[in-house]
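Asks: here is my input, please return the structure:
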Amino acid sequence: MQLSQVRIDELDDVMEIVHDAQQLLAADGVNQWQDGYPNTQILRNDIEHDHLFVYRLDGKPVAMAAILPGPDPDYANITNGTWDYPHANYTVIHRVAVAKSVRGKHIAGLFYDACIDYAFAQRCSEIRVDTHPDNMRMQALITSRGFIRQGLISVRGDSSNIRIAYALRH
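Replies: Model prediction:
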C-alpha cells in the first residue's frame with residue numbers, strides 16, 4: 001500500500017470511510033464528527049486542492065487524511081500550554097479515518113507513518129495535529145508516533161469545540 005492523492009471519483013468511497021469513523025466514535029462515546037463534519041463539501045475542497053490522501057487496498061481507499069500546509073487558524077490560540085516552536089514552518093494532518101473493513105490490521109499506524117513522511121517531505125520543520133479529548137484511539141496513535149502534547153485549541157471558531165493539540169519536530 002502507498003499513500004496517494006484522492007481522485008474526485010473516489011469521493012463516495014472516502015465518505016464511506018468517514019461514516020465508518022463517525023459510527024466508531026459514537027460507539028466509543030466520543031462526541032467528535034457527530035455534527036456532520038467532515039462533509040462532502042469539505043472533502044471535495046481537500047481533493048480539489050490536492051490535500052486529501054488515501055491508502056488503497058485492492059484499489060479501494062481504506063484510510064484517509066487531509067495533509068495541509070500551515071498556518072492553520074485554529075492553531076493560532078493555544079491554552080493550557082504553548083507551542084514549543086510557535087513560529088515553526090508546519091504542516092497539519094487533519095480528518096484521519098480508517099475503514100471498518102480494515103480495523104485491527106494495523107493500517108492506521110502504517111497510514112499515519114506515511115502521512116508523517118509525506119508531510120516532512122514538504123520541507124516543514126514540524127507537523128501539528130489535534131484530536132478530541134475523549135478520542136483515546138487517536139491520542140494513542142499520535143503519541144505512539146512521537147507527537148508531544150502542546151495544549152488545547154478551539155476548532156472551527158467554536159470555543160466549546162476543544163481539541164488537544166500535538167506537535168512533532170523533524
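
Asks: element containing Asn45?
Replies: helix 40-48 (DSSP states H and E).

Asks: quick check: buried residues in the next helix or strand after that helix?
Replies: Following helix 40-48 in sequence order, the next helix or strand is strand 52-57 (DSSP H and E). By 16 or more other C-beta atoms under 10 Å, the buried positions in strand 52-57 come out as 52-56. (C-beta placed from N, C-alpha, C; glycine too.)

Asks: show me where the chain has helices.
Replies: Ranges of helices in the chain, per DSSP state H, are 11-27, 40-48, 107-121, 136-144.

Asks: looking at the ones you listed, which is nearest to Gln2?
Replies: Closest approach to Gln2 among the helices of the chain is made by helix 107-121 (7.4 Å; C-beta to C-beta).

Asks: got the contact list for stretch 148-156?
Replies: The contact list for stretch 148-156 (C-beta atoms under 8 Å, 6 or more residues apart in numbering) reads 37, 74-75, 77-84, 128, 130, 143, 160-168.

Asks: biggest strand in this structure by residues?
Replies: For the chain, the strand with the greatest residue count under DSSP state E is strand 158-169.

Asks: which helices and strands sit right next to that strand?
Replies: strand 126-131, helix 136-144, strand 148-155 (3 or more C-beta pairs under 8 Å, 6 or more residues apart in numbering; DSSP states H and E).

Asks: okay, those, which one's buried deepest?
Replies: Most buried of the helices and strands packed on strand 158-169 by mean neighbour count (mean count of other C-beta atoms under 10 Å) is strand 126-131; its value is a mean of 24.

Asks: chain center to that one: distance?
Replies: 8 Å (C-alpha atoms, centre = their mean, to the nearest Å).

Asks: identify the residues contacting that strand?
Replies: Counting by C-beta under 8 Å, 6+ apart, strand 126-131 makes contact with 32, 70, 72, 74-75, 85, 88-94, 116, 119-120, 138-139, 142, 147, 150, 153, 155, 163-170, all of which sit outside it.
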